[in-house]
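Engineer: Sequence plus the predicted model coming up.
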Amino acid sequence: MPRDTSAAPGRSSWKWSRTGETRRVLLDAAREVFAERGFADASVAEVVARAGSSVGSLYHHFGGKSELFLALWEDWQSSQEQRAASAVAAARRAGERRPLALFVAGARGFLRGSWEGRALGGLFVDKDGPPGFELMRRTRGHEWLRQNSSLLHAPDDAIGRVTVAVLTTIIGEAGREVMASRSRREAEAITDAAVAMIERLGVLSDDDGLTEEGPAAV
């Protein structure tokens, strides 16, 4: 939304605030509708009705139903990446330098976020999406593998790549189960079990690179 420099003092900030509020209300309504009906059966009309908004406003802010779904997905991905990165940064500040321990810290942050953000994250587990969504998920997944490989200092060979893929898959599958958990206690038990598997599978020989000391990428 263009900034209105001719407006009275405080007017433009009010417009920005209203814009952000409208987007959030539309996103909240879309989350409910997509969760209930899936992407294919959800309608723009129902989203705007729940939001108390208009079709024109939705198209102005997002461009359409597909873009609305993808905006929710980006919100989820960004929040999960931030949770994991914050957990890794906190471990570093506490003096941790071992790659596998930093990876575990990030995994715990991600899985904690899976529970706390399950209302939104559940939209993207085994549900339909707009055309091209699966490709976007695979692309993001490849980037996640690359980042984890850097964090773990994994060697660029078959064993290193397989190890990173397995450890990353454990986190992803555990996240699904955490989001489906009936209680926080159950979610924490799943998290602990996933971490135990990561620690068992991730402790390779010194020559494999995953146990070497040194800085790791966020």
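Structural biologist: The structure has been received and is ready for your questions. Predicted model, so just to flag it, every value in this text is computed and none were measured.
Engineer: Where is the longest helix in this structure?
Structural biologist: Among all segments of the chain classified by DSSP state H, the helix with the greatest residue count is helix 11-41.
Engineer: just checking, next helix/strand downstream of that helix?
Structural biologist: Toward the C-terminal end, the helix or strand that comes next after helix 11-41 (DSSP states H and E) is helix 44-51.
Engineer: Moving C-terminal from that next one, which element do we reach first?
Structural biologist: The element immediately downstream of helix 44-51 (helix or strand, assigned by DSSP H and E) is helix 55-61.
Engineer: Measure how the longest helix of the chain sits relative to helix 44-51, angle-wise.
Structural biologist: Orientation note: helix 11-41 sits at an angle of 130 degrees relative to helix 44-51 (axes from the mean of the first three to the mean of the last three CA atoms, to 10 degrees).
Engineer: buried residues in helix 11-41?
Structural biologist: When neighbours are counted by 16 or more other CB atoms under 10 Å, the buried residues of helix 11-41 are found to be 12, 22-23, 25-34, 39. C-beta: built from backbone N, CA, C; applies to glycine.
Engineer: repeat for stretch 76-95
Structural biologist: W76, Q77, Q80, E81, R83, A84, A87, V88, A91.
Engineer: same check, this time on stretch 136-151
Structural biologist: Within stretch 136-151, judged by 16+ other CB under 10 Å, the buried ones are W144, L145, Q147, N148, S149, L151.
Engineer: Which helix or strand contains the residue most central in space within the chain?
Structural biologist: Note on the chain: the residue nearest the mean C-alpha position is Q77, at 2.6 Å, using CA atoms, centre = their mean. Take DSSP H and E as the rule and Q77 turns out to sit in helix 65-93.
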